[in-house]
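# 3D, please:
(one chain, ligands or ions: 1)
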Amino acid sequence: MVDRANRPSALNAPSAAAPGPQVDISGSGASSKVTATLPSGESVEVLLYGATVTSWKSDGGKAENLWVSEKAALDGSKAVRGGIPVVFPVFGPPPKDGHPTSSLPQHGFGRTSRWEFLGKSTSEDALDSSSVKLDFGLYTSGLTEDARKAWPFDFGLVYSVTLSKDSLQTVINVRNEGESSFEFQFLLHTYFKIQDISKVSINGLLGVEYIDKVLNASTHQQSDASLTITGEVDRVYASIPQDTTTILESGTPRFDVVRDNLSDTVVWNPWIEKAKAMGDFSPDDGYKNMICVEVGAVKGWQKLEKGEVFEGGQTIKSLL
Ligand SMILES: O=P(O)(O)OC[C@H]1O[C@H](O)[C@H](O)[C@@H](O)[C@@H]1O
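Residues are numbered from 1 along each chain as shown. Predicted structure coming up:
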């Protein structure tokens, strides 16, 4: 359990032992961000706006794993086009049927709220496998008035981002802090950086049913072991039995995406026309260098009664 009162006082207190992970806070206001770097060079950067991971470098800091648009707003004026936006409490356009999320914007308020940095915890061992965990919090009191009116529930979110040498783990903890129950959806909208979309394939979805948003939300079943991307793709794969989805480039595994207590995965690439039509998507041909593989709980709703907690997340492994 994260202690909400635990604010980082001495972020990088000197110690006699070998240097541990370095954690820094920089920028101000909506541009504030937290950066953590391991002694071996790997790093992660998290914008407080949306608790959006905007960079994750592995391989000693040499390989950036996340795609961020050159025109992404990083000043809190708009959800970040890239990195790992946090989608909560509704995925996509909210239902129009009077569901309690109906007045929220697309993908909810998680990615457009200013989160608090709750602090870091580190672990180190003799084998140079240190890791650092950064905790971020968002509570009803931290919402804009508009968001609070649109979704009038008392909740607490703690989002933990753990950087290890070859992996990044991002986990949400959702607590119902109010008197009445509420329903929500959650998704980690990860934009993976890849070299060439024409050489990418995605494994681990064989046999899974999906809703194809490009084909009028019709239902299909994944019949190929490898999904390749040759045009716009926007699919919601639901109730996936396999824990791991693998992104390959030229047949070589590049990323493993391991789901924890989340049963769905969205695969999205806007392709040529949709990429051009998005004002914050740049360069125009950036769609060749990104693929969104987004783990979540988005088919149906997660319900929490008073005092109940939901936890779910992903571990993404860079396989370079
Ligand atoms: O433009 P955004 O609100 O960030 O949404 C970007 C995309 O997110 C998800 O992947 C959805 O499945 C897509 O339908 C949507 O276009």
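
# just the strands in the stretch 101-250 of the chain please.
Applying DSSP state E, counting those that start in this stretch to the stretch 101-250 of the chain gives strands spanning 116-123, 131-139, 155-163, 167-176, 182-188, 191-193, 200-203, 209-212, 218-221, 226-228, 233-237, 244-249.

# closest to the ligand out of these?
Closest approach to the ligand among the strands of the stretch 101-250 of the chain (C-beta to the nearest ligand atom): strand 233-237, 4.7 Å. Where you see a C-beta, it was placed from the backbone N, CA and C, and this is true even at glycine.

# Tell me if the closest one is near the ligand.
Yes - taking C-beta under 6 Å from any ligand atom as the criterion, strand 233-237 and the ligand are in contact, through Asp234.

# Could you list the contact residues of the stretch 201-320 of the chain toward the ligand?
Applying C-beta under 6 Å from any ligand atom, we find that the stretch 201-320 of the chain lies next to the ligand at Lys213, Asp234, Val266, Trp268, Cys292, Glu294.

# Redo these as TSV? Include neighbour count and pLDDT.
Shown next, in TSV, are these (neighbours: other C-beta atoms under 10 Å; pLDDT from 0 to 100):
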residue	neighbour count	pLDDT
Lys213	16	98
Asp234	19	98
Val266	26	98
Trp268	21	99
Cys292	21	99
Glu294	25	99
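
# and which of those is nearest to Gly307?
Glu294 (29.0 Å; C-beta to C-beta).

# quick one: contacts for the residue in the chain that the ligand sits nearest to?
Per C-beta to the nearest ligand atom, Trp268 is where the chain lies closest to the ligand, at 3.4 Å. Counting by C-beta atoms under 8 Å, 6 or more residues apart in numbering, Trp268 touches Val233, Asp234, Arg235, Ile291, Cys292, Glu294.

# Tell me which strands the helix or strand harbouring it pairs with, and in which orientation.
If you go by DSSP states H and E, Trp268 is part of strand 264-269. Here strand 264-269 is paired, per DSSP bridges, with strand 233-237 (antiparallel), strand 290-304 (antiparallel).

# Take the ones you listed and write them to JSON lines, including distance to Ile84.
Below are the strands paired with strand 264-269 laid out as JSON lines (distance: least, C-beta to C-beta, whole Å):
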{"stretch": "strand 233-237", "distance to Ile84": "18"}
{"stretch": "strand 290-304", "distance to Ile84": "9"}
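
# What residues does the nearest residue to His107 once chain neighbours are set aside make contact with?
Leaving aside its sequence neighbours, His107 sits nearest to Val87 (C-beta to C-beta, 6 or more residues apart in numbering; 4.5 Å). Applying C-beta under 8 Å, 6+ apart, we find Val87 in contact with His107, Gly108, Gly110, Arg111, Gln185, Phe186, Leu187, Leu188, His189, Glu294, Gly296, Val298.

# In a helix, Val87, correct?
No - Val87 is assigned strand when assessed by DSSP: H, G, I helix; E, B strand; the rest coil, not a helix.

# Next one: it from Leu248, what distance?
25 Å (C-beta to C-beta, to the nearest Å).

# Val90 versus Val132, what's the distance?
According to C-beta to C-beta, Val132 and Val90 sit 31 Å apart.

# Name the residue in those two with the higher neighbour count.
When Val132 is set against Val90 and neighbours are counted by other C-beta atoms under 10 Å, the residue ahead is Val90, at 27 against 23.

# per-residue confidence at the residue nearest to His107?
Looking at Val87, its pLDDT stands at 98.

# And it, how close does it get to Ser223?
Distance from Val87 to Ser223, by C-beta to C-beta: 28 Å.

# Mind picking out the helix or strand in the chain with the poorest mean pLDDT?
strand 116-123 (a mean of 94; mean pLDDT, DSSP states H and E).

# Under the pLDDT cut-off, which ranges of the stretch 1-150 of the chain? List them.
1-18, 125-129 (pLDDT under 70).

# and it, which of its residues are near the ligand?
So the stretch 1-150 of the chain meets the ligand at Ala79, Gly92, Gln106, His107 (C-beta under 6 Å from any ligand atom).

# Filter those residues down to the buried ones.
Neighbour counting by 16 or more other C-beta atoms under 10 Å classes Ala79, Gly92, His107 among these as buried.

# just checking, which of those belong to helices?
Residues of those located in helices (DSSP state H): none.

# and the nearest residue to Phe182 once chain neighbours are set aside, how far is that from Asp264?
Spatial nearest neighbour of Phe182, excluding adjacent residues (C-beta to C-beta, 6+ apart): Phe153 at 4.3 Å. Per C-beta to C-beta, Phe153 is found 22 Å from Asp264.

# For these two, work out which one has more neighbours and name it.
Neighbours were counted for Phe153 and for Asp264 using other C-beta under 10 Å; Asp264 has more, 24 against 18.

# contacting residues for the more buried one?
Taking C-beta under 8 Å, 6+ apart as the criterion, Asp264 is in contact with Leu187, Val236, Tyr237, Ala238, Ser239, Ile240, Val295, Gly296, Ala297, Val298, Lys299.
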